Structure formats: C-alpha cells, structure tokens
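> I need the structure of the sequence given here:
(2 chains)
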Amino acid sequence: AQKVTQAQTEISVVEKEDVTLDCVYETRDTTYYLFWYKQPPSGELVFLIRRNSFDEQNEISGRYSWNFQKSTSSFNFTITASQVVDSAVYFCALSEAGSGYALNFGKGTSLLVTP
Amino acid sequence: KAGVTQTPRYLIKTRGQQVTLSCSPISGHRSVSWYQQTPGQGLQFLFEYFSETQRNKGNFPGRFSGRQFSNSRSEMNVSTLELGDSALYLCASGEGPWATEAFFGQGTRLTVV
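Residues are numbered from 1 along each chain as shown, chains lettered A, B, ... in the order given. Alright, predicted model coming up:
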C-alpha cells in the first residue's frame, strides 16, 4: 500500500525566511513518481515538480529546491527567501508504476507568509 | 495552448439528485483523472481514463462513475447525491500513458443541500 505523509499541517513564516516542507512516503514498488503541487486560494492545483524513483538528484528552480532521499523515503521541498505570494497549500503526491495518473496525495501543508 | 477546462464551476444540487461534471483536457492529452477534495478527507483519487479506457479506480461507491470520449473529454457522474458528496471535484490532464506532469483544472465546487 502506498502512503504519503505531510506531518506539518500549517507553517507560518515571515517574508524572506527560508522554509522547508516535509514529505515522507511509503511504497513497495521500486518504480514510482513523486510530485509537488501548490494550491493557491483560487483552488487550482499548480504543478511544481515530478521526480521518478531512479533520479535522486536534487533539483533547484529559482527559489524552489527539492531534496529526494530514498534512504529516508523523503522528498522535501524548500522555499528560499519566501514571499507573500508563496502563501498556499502545498501537496506532495505519489504514483506507483502501473497506476498511471492515479496520484496518492498527502494531506497538504498550509504555508502562510506574512510581510 | 488552453488549459484544462472544467464545467460548471459551481453547482448546487439536492440530496437524491444526480449530477454530471465535465472536463476538457489540454489539447493532445489522452489521460484524464478525477479527484475529490474535501476538508476532512483531503484529495482523493476517483478514477483515471486513458484513450477512453478506465485504467484505475479509487475507493468510491458505485454511485460515482465516469467516461471518456474519443476527443479525450471526460465526464463524471454522481447519482443519488448525498450531503457528503459536497466537495471540490478536480480533473487532471496528462499527455502520455505514464505519470508525467498532470495539469489540473480549476475544479467544480459541488454543494449538496
């Protein structure tokens, strides 16, 4: 059975602080895909990143970075120098090989960035 | 390129009624998946279609059904609505058969009264 845990329900930071959102997953498959999505108040889920289980390289995209560690089954997301526009709910998700686009989402972490 | 379009955006229905929601994927995308989002249960997978075939199904009762047409547009139907079906229903579009980037629509907010 697959499972995604985002232990942080809510995080509040002041603008320009760095913040890390944790994601721990469980799966028996050796081939799987991990995702991060952002959901602003408008409700639409915005795709941020996809990683497959064979690619443990960390990824950096502007102020965003992701740390994938198979040894600890974690796929953490860091926002550097946070901005008010980063305020949203962030979801981590897992899809096992053969499951197509059937994503298993974590409960999400609500991030509030205040000026 | 137009994004994923879901219609209607908002819907109010009465218990016992049925409802049909529509999703038009990004042009060229052949996969459509559906999710239910509620405050209590979070985001839950309903079903996924690829080239008109249902490939995966989540753990929902048979009142929830869907289909995909030859133009990749998809509809989901909920029959005999219950209060607990009130949720944001999100549709995602994917290009190939494997889980690459899935792009979501803005959702349909269903309220059952």
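
> Show me what residue A:65 bridges to in the sheet.
Beta bridges link residue A:65 to residue A:60, residue A:78, judged by DSSP bridges.

> does residue B:109 have beta-bridge partners, and which?
Going by DSSP bridges, residue B:109 forms beta bridges with residue B:10, residue B:88.

> wait, what's in contact with it?
Shown in contact with residue B:109 (C-beta atoms under 8 Å, 6 or more residues apart in numbering or on different chains): A:43, B:9-11, B:88-89. No exception for glycine: its C-beta is placed from N, CA and C like everyone else's.

> how about the lowest-mean-pLDDT helix or strand in chain A: buried residues?
One helix or strand of chain A scores below all others by mean pLDDT, DSSP states H and E: strand A:59-61, with a mean of 87. Residues of strand A:59-61 classed as buried by neighbour count (16 or more other C-beta atoms under 10 Å in any protein chain shown): none.

> next one: stretch B:85-95
Of the residues in stretch B:85-95, those buried (16+ other C-beta under 10 Å) are B:85-94.

> repeat for stretch A:50-60
A:50-53.

> How about stretch B:56-75?
Buried, per 16+ other C-beta under 10 Å, within stretch B:56-75: B:56, B:58, B:60, B:64-66, B:68, B:72, B:74-75.

> So among those, where is pLDDT lowest?
Lowest pLDDT of those: residue B:56, 90.

> Near chain A, which residues of chain B? Just list them.
Within reach of chain A by C-beta under 8 Å from any C-beta of the partner chain, chain B has these residues: B:31, B:33, B:35, B:42-45, B:48, B:50, B:55-56, B:58, B:88, B:90, B:92, B:94, B:97-107, B:109.

> any bit of stretch A:19-36 sitting next to chain B?
Yes: Stretch A:19-36 comes into contact with chain B (C-beta under 8 Å from any C-beta), by way of A:33, A:35.

> How about stretch A:98-105?
Yes: interface with chain B: stretch A:98-105 contributes A:99-105 (C-beta under 8 Å from any C-beta).

> So for that stretch, mean pLDDT?
On average, stretch A:98-105 scores 87.

> can you pull the contacts of residue B:35?
Contacts of residue B:35 (C-beta under 8 Å, 6+ apart): A:103, A:105, B:43-46, B:89-92.

> so where do the strands sit in chain A?
A:3-5, A:10-14, A:19-21, A:24-26, A:32-39, A:46-52, A:59-61, A:64-69, A:74-79, A:88-96, A:104-105, A:109-114 (DSSP state E).
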